[in-house]
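# Here you go, sequence then predicted model.
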Amino acid sequence: MKKIAIGIQDFRELITRNSYYVDKTKTIHNLLISNKYYFLSRPRRFGKSLTLSMIKYLYMGEKELFQNTYIYNKRNFEETNPVVYISFASYNKFEDVEEFIKYNLNIYIEDKIYELNDFTKSINLGYLLKEIYKKTGKQVVVLIDEYDKVI
């Protein structure tokens, strides 16, 4: 029996727990094929973190997670992209922002996770993206969650 997912912000967890999910992949698919920059703004508790998590798994090629969704047969899951993901959800205003980013920035390339120092010791995002592109030859996807927590 399916469960109602309350407080789950990770798409993989939602799917593997067999929870109810309203399929938003048609909208996401339309956004992603246009290759533009997007700023998703919605009120608190409206699923922004879950949506970013879904996008992360799409670009990582996790096809099995999307089996019962619109996008399953529309996307080539063999074509993956590196994903740089940072969430400020656990940021504490007393922490140094640069130090927080340094230790909480996740870099996903296919099924592996890398640390910032695998590419650079500085937090220069432009330089980091260029280094990832040089290493992979693929366009890098940048996802920033809870960006307003720092403010």
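That came through fine. This structure is a prediction, so every number in the text was calculated from the model and none was measured.

# Any idea how many residues pack against residue 134?
Applying other C-beta atoms under 10 Å, we find 9 residues neighbouring residue 134. In this view, the C-beta of every residue, glycine as well, is placed from N, C-alpha and C.

# which SSE is it in?
With secondary structure defined by DSSP states H and E, residue 134 is part of helix 125-136.

# Can you point out the buried residues in that helix?
Along helix 125-136, these residues count as buried under the neighbour rule (16 or more other C-beta atoms under 10 Å): 125, 128-129, 131-132.

# Quick check: which helices or strands does whatever helix or strand comes next after it pack against?
Later in the chain than helix 125-136, the nearest helix or strand by DSSP H and E is strand 141-145. Where contact means 3 or more C-beta pairs under 8 Å, 6 or more residues apart in numbering; DSSP states H and E, strand 141-145 is packed against helix 48-59, strand 83-87.

# wait, which of the ones you listed is closest to residue 32?
Residue 32 sits nearest to helix 48-59 of all the helices and strands packed on strand 141-145, at 7.1 Å, using C-beta to C-beta.

# can you give me the strands in the chain?
Assignment of strands within the chain using DSSP state E yields the ranges 83-87, 106-109, 112-114, 141-145.
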